[in-house]
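Asker: Here is a sequence with its predicted model. Questions after.
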Amino acid sequence: MVALMAKPVEQTAYDDLVILAKSQAAALGRLYELYYDRIFRFCVHRLFNRSVAEDVTSSVFLTVARTMREFKGQTEQDFRSWVYTIAANQANAHIRETLRRQRLMGNVVDHRRDRLDASEAAEQGPAAWSNLDWPALYAAIQELKPEHQTLLTLRFFENMDYDEIARITQARPATIRVTLHRVLRRLHEVLRGDES
Amino acid sequence: MSENKREFRKLVAGLRIDDQPDPAHRERLRRQVLTAFEQTAAGAARTNVVRARFQPGPAAWLAVAAMVLIAAGAAVWTWVGSGEAATDFDRVRLATEDASWMLAVATRYTNGEARTERHWCNFAAKETYVVSDDETVVAFDYGPKQAKLAYSPRARRLEISELPKAGPFGVESAYTFVQTFAVLAARDDVAMEKSQTEYEGRTVRAYGIETSDPSSTINGKPAARIRMTVLADPKTRRVLAAGVEHQDAEGNVLAREDWVMSYPSSGPASVYDVGVPRTARVVDNRQSYRGTPGETAAFTSTPSARGDFRLEPLTIELPKPAFKGTPQDERTPNIERPRGGPRPAFLAPAGTVNLARGKPVSSSDREPIAGSLDLVTDGDKEAVDGSWVELGPQPQHITIDLQEECEIYAVVLWHHHRWPRAYSDVVVQISDDRAFKKGVRTIFNNDADNTLGLGAGRDLTYTETYEGKLIDAKSARGRYVRCYSNGNTHDELNHYTEVEVYGRPVKSIKSN
């Protein structure tokens, strides 16, 4: 019973924290502590390069700091969706910048050989995915549209459910489900070397 | 495909990804986040002010109590009754207006830009010249000529019109800051607060009023209230500094500005002495005017003022640009927006020179990592190796000894402009005290969180460019100029390529 009660109480505390953070720096500091690691990891998963991920994480939290007072949400879930939306948009914006993209890919290019090896393994079927390492998989993910990369990261790296992803990307859960299905298929094709 | 998902999830779970956060970055960013958050608070100051657009025209914006209010924050306000305080302030007004000239420099921070207006007030001749940093000039002749002159640099046209009933602050028959304060303070519904406070290391008198704003709108929003603070020297009784805070009906601060007053011995004799080119087309819109164009030109040129005063654009030799544009580092909070063009000319009295050239420089870092301190004043400001000195990490400062007391109009500072870096906690001070313990005037401070312990600054962080950072010294007097910094967005080191100090030795200036 205690365990059952604990979660709602904790949740309420976090909701209060979000409301307090609109006017109190200390509360915002606690929210920052709660979310820094998550957002940094999300950025690493989206951007591969740690220093670029730090840049984007900084940008995300500074945006939060500057606009927190106008944030309309009331709950921690609202805040979570909001901060991930900012992170997803900023990561996509970075990826779209040509120079930055070149920099990112420069880090990945050394691993293309791994990717080729992996694609040979992928021809053996989905089970062969387990032979991929992170650089090779990231190189393949980069072949997808930035929005699709976001979906993949939120679903499989951040372990979010469809409803939450839908809130962040402002789409319907059913659409997310179908899109992710297609994205995985496309990724599979990329790994097999089928660029069509 | 669910098989596909399961396998993919398994793959992701088994990946070895270097995604452990760096505690140093987390802590650094935490400070930046909280600073950025606080800055959106205290005022809406910066962020709202920031979008403030005053109407009408550049001369219509009112002052703010920024630094002044902060300085006065520690003071205990006492209600002394409007009559007594008003009488006391009348003495301040009379003492101030007894000066030949008052130069009031107002700094407004808007939307990532710092804008400045300089008000030259000749109380005896009843003339006020308002010079904006976009080179717009508005002059009010509220003496016998009863006219307003407005120069637009874009149109290169000088328009003469009837004197408006309201002066540059939107208050009837008040054409200087001091007059405006006095007129508002004299209203029946306004009570004046009087107190003492610390300002630049000494105790001064502070007068405060709060009143409904008669005219100004900010970003289309009516400013419901104004809070004005004036600091006066207890000995000379003259106004030293002032500020105004515009608030909306809910008490939110819509706009703030800082004002610093000085009393030069001479001032402009006509609009042509404050940057209006003599080739500007003169258009007389006064209904009473029936003359010829030649007569209007004569009107704009009044007899020379005492001291043969003339303002001229500073000639600052610039190094070659090391990069194009002004890329912004979005990680840096409170950063000034790029101007998007060359810096407007800075006007200073004729005879102004770079006083720092070849002068001795000392530093908090006695053993610079690279270069030597003489590079700071050697005149070489190119962004190449061998032209700058590199000081160690943590807060560091350099001090230039001008070797005599000088009146300083501008300091131009180049840290290291090879890349678009932003240096942290940049503070520039002027003093006659080598140790900077007394008589210290801070002319620039972007140390928003008071890391250096010199007081929280309200100036914006800026990106280094080949133009250097021009800081308006507001005619501050002193022998020593000290510049602080605390690392930059690229590394933790401190660099100085060149510092120029524009002014005149005090002994060469006639006393007022």
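Answerer: Great, that's in hand.

Asker: now the helices for the stretch 201-350 of chain B?
Answerer: According to DSSP state H, counting those that start in this stretch, the stretch 201-350 of chain B carries its helices in the segments B:293-299.

Asker: which residues of it score low on pLDDT?
Answerer: Per-residue confidence of the stretch 201-350 of chain B (counting by pLDDT under 70) places the weak regions at B:213-221, B:287-309, B:325-333.

Asker: and with 80 instead?
Answerer: Counting by pLDDT under 80, the low-confidence segments of the stretch 201-350 of chain B come to B:201, B:212-224, B:245-257, B:265, B:286-311, B:323-335, B:337-341.

Asker: what pLDDT does A:V2 get?
Answerer: Per-residue confidence (pLDDT) for A:V2: 36.

Asker: how does the chain divide up, domain by domain?
Answerer: Since you didn't name a chain, this refers to chain A. As recorded under automatic domain parsing, the domains making up chain A are A:1-109, A:111-196.

Asker: Chain B was what I was after
Answerer: For chain B, whose domains are defined here by automatic domain parsing, the residue ranges read B:54-262, B:311-508.

Asker: Of all those, which one comes closest to A:S81?
Answerer: With respect to A:S81, and counting by C-beta to C-beta, the nearest of these is domain B:311-508 at 22.5 Å. In this view, the C-beta of every residue, glycine as well, is placed from N, C-alpha and C.

Asker: Could you tell me the end-to-end distance of that closest one?
Answerer: 16 Å (C-alpha to C-alpha, to the nearest Å).

Asker: how about low-confidence regions in chain A?
Answerer: For chain A, the stretches with pLDDT under 80 are A:1-15, A:95-133, A:191-196.

Asker: residues from it in reach of chain B?
Answerer: With the criterion set to C-beta under 8 Å from any C-beta of the partner chain, chain A comes near chain B through A:23, A:25, A:28-29, A:32-33, A:36-37, A:40-41, A:44-45, A:50, A:54-55, A:57-59, A:61-62, A:64-66, A:68-69, A:126-127, A:129-130, A:132-134, A:137, A:156-157, A:181, A:184-185, A:187-188.

Asker: Inside helices: which ones of those residues?
Answerer: With DSSP state H as the criterion, helices contain A:25, A:28-29, A:32-33, A:36-37, A:40-41, A:44-45, A:50, A:54-55, A:57-59, A:61-62, A:64-66, A:134, A:137, A:181, A:184-185, A:187-188 from among these.

Asker: hmm, back to that, for the domains of chain A, could you give me CSV that also reports mean neighbour count?
Answerer: Shown next, in CSV, are the domains of chain A (neighbours: other C-beta atoms under 10 Å in any protein chain shown):
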stretch, mean neighbour count
domain A:1-109, 17
domain A:111-196, 17
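
Asker: In a markdown table: these, plus distance to B:G243.
Answerer: Converted to a markdown table, the domains of chain A look like this (distance: least, C-beta to C-beta, whole Å):
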| stretch | distance to B:G243 |
| --- | --- |
| domain A:1-109 | 24 |
| domain A:111-196 | 44 |
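
Asker: Show me the one of those domains that comes nearest B:V283.
Answerer: The minimum distance between B:V283 and these falls on domain A:1-109, with 44.7 Å, by C-beta to C-beta.

Asker: Next, the buried residues of whichever strand in chain B runs longest.
Answerer: Across chain B, the longest stretch assigned as strand under DSSP state E is strand B:396-414. By neighbour count with 16 or more other C-beta atoms under 10 Å in any protein chain shown, strand B:396-414 contains the buried residues B:396-400, B:402, B:406-414.

Asker: What is the most widely separated pair among those residues?
Answerer: The largest separation in these, counting by C-beta to C-beta, is between B:Q396 and B:E407 at 27.5 Å.

Asker: about what we covered before: tell me which of the domains of chain A lies nearest to B:A383.
Answerer: Taking C-beta to C-beta as the criterion, B:A383 comes closest to domain A:1-109 out of the domains of chain A, the separation being 21.2 Å.

Asker: Give me the distance from stretch A:160-168 to the chain's centre.
Answerer: Computed by C-alpha atoms, centre = their mean, to the nearest Å, the chain-centroid distance of stretch A:160-168 equals 11 Å.

Asker: Could you list the residues in contact with that stretch?
Answerer: Stretch A:160-168 has contacts (C-beta atoms under 8 Å, 6 or more residues apart in numbering or on different chains) with A:77, A:80-81, A:84-85, A:88, A:151, A:154-155, A:171-173, A:175-177.

Asker: In helices, which of those appear?
Answerer: Secondary structure of the contacts of stretch A:160-168 is defined by DSSP H; positions in helices are A:77, A:80-81, A:84-85, A:88, A:151, A:173, A:175-177.

Asker: pull the longest helix from chain B.
Answerer: Secondary structure of chain B per DSSP H: the longest helix is helix B:23-41.

Asker: and that one, what's its mean pLDDT?
Answerer: 83.

Asker: Please name every helix or strand in contact with it.
Answerer: Applying 3 or more C-beta pairs under 8 Å, 6 or more residues apart in numbering or on different chains; DSSP states H and E, one finds that helix B:23-41 makes contact with helix A:25-47, helix A:50-67.

Asker: could you redo the ones you listed as TSV and give each row distance to B:G468?
Answerer: Listed next are those as TSV, based on distance: least, C-beta to C-beta, whole Å:
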stretch	distance to B:G468
helix A:25-47	34
helix A:50-67	27
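
Asker: which SS class is the closest residue in space to B:D433 that isn't next to it in sequence?
Answerer: In space, not counting the residues next to it along the chain, B:D433 is nearest to B:G439; the distance is 5.6 Å by C-beta to C-beta, 6 or more residues apart in numbering or on different chains. Under DSSP: H, G, I helix; E, B strand; the rest coil, B:G439 falls in the coil class.

Asker: residues in contact with B:G439?
Answerer: Counting by C-beta under 8 Å, 6+ apart, B:G439 touches B:200-201, B:431-433, B:478.

Asker: switch the cut-off to 6 Å
Answerer: B:431-433 (C-beta atoms under 6 Å, 6 or more residues apart in numbering or on different chains).

Asker: what do you get for B:A104?
Answerer: B:119, B:177, B:259, B:261.

Asker: Kindly recompute the last result at 8 Å.
Answerer: Residues in contact with B:A104, defined by C-beta under 8 Å, 6+ apart, are B:118-119, B:121, B:176-177, B:242, B:259-261.

Asker: Equivalent analysis for B:L163, please.
Answerer: Contact partners of B:L163, counting by C-beta under 8 Å, 6+ apart, are B:140-142, B:146-148.

Asker: Go through the residues you listed and name the one nearest chain A.
Answerer: B:F140 (39.3 Å; C-beta to the nearest C-beta).

Asker: tell me which residues in the helix or strand harbouring the closest one are buried?
Answerer: Here B:F140, judged by DSSP states H and E, is contained in strand B:137-141. Neighbour-count burial for strand B:137-141 flags B:137-141 (criterion: 16+ other C-beta under 10 Å).

Asker: Which member of those residues is positioned nearest B:F181?
Answerer: When those are compared for distance to B:F181 (C-beta to C-beta), B:F140 comes out closest, at 16.5 Å.

Asker: Just list whatever residues bridge to the closest one.
Answerer: Listed by DSSP bridges, the beta-bridge partners for B:F140 are B:T128, B:K148.

Asker: Do I have it right that B:A280 meets B:R157?
Answerer: Yes. Taking C-beta atoms under 8 Å as the contact criterion, B:A280 and B:R157 are neighbours in contact, 6.2 Å apart.

Asker: what touches both of these two?
Answerer: With C-beta under 8 Å, 6+ apart applied, the overlap between the contact sets of B:A280 and B:R157 consists of B:Y151.

Asker: quick one on the thing from earlier: for the buried residues of strand B:396-414, which one is nearest chain A?
Answerer: Proximity of the buried residues of strand B:396-414 to chain A, judged by C-beta to the nearest C-beta, is greatest for B:Q396, which lies at 24.5 Å.

Asker: Just give the nearest non-adjacent residue to the closest one, would you?
Answerer: Beyond its immediate neighbours in the sequence, the residue positioned closest to B:Q396 (C-beta to C-beta, 6+ apart) is B:N494, lying 4.4 Å away.
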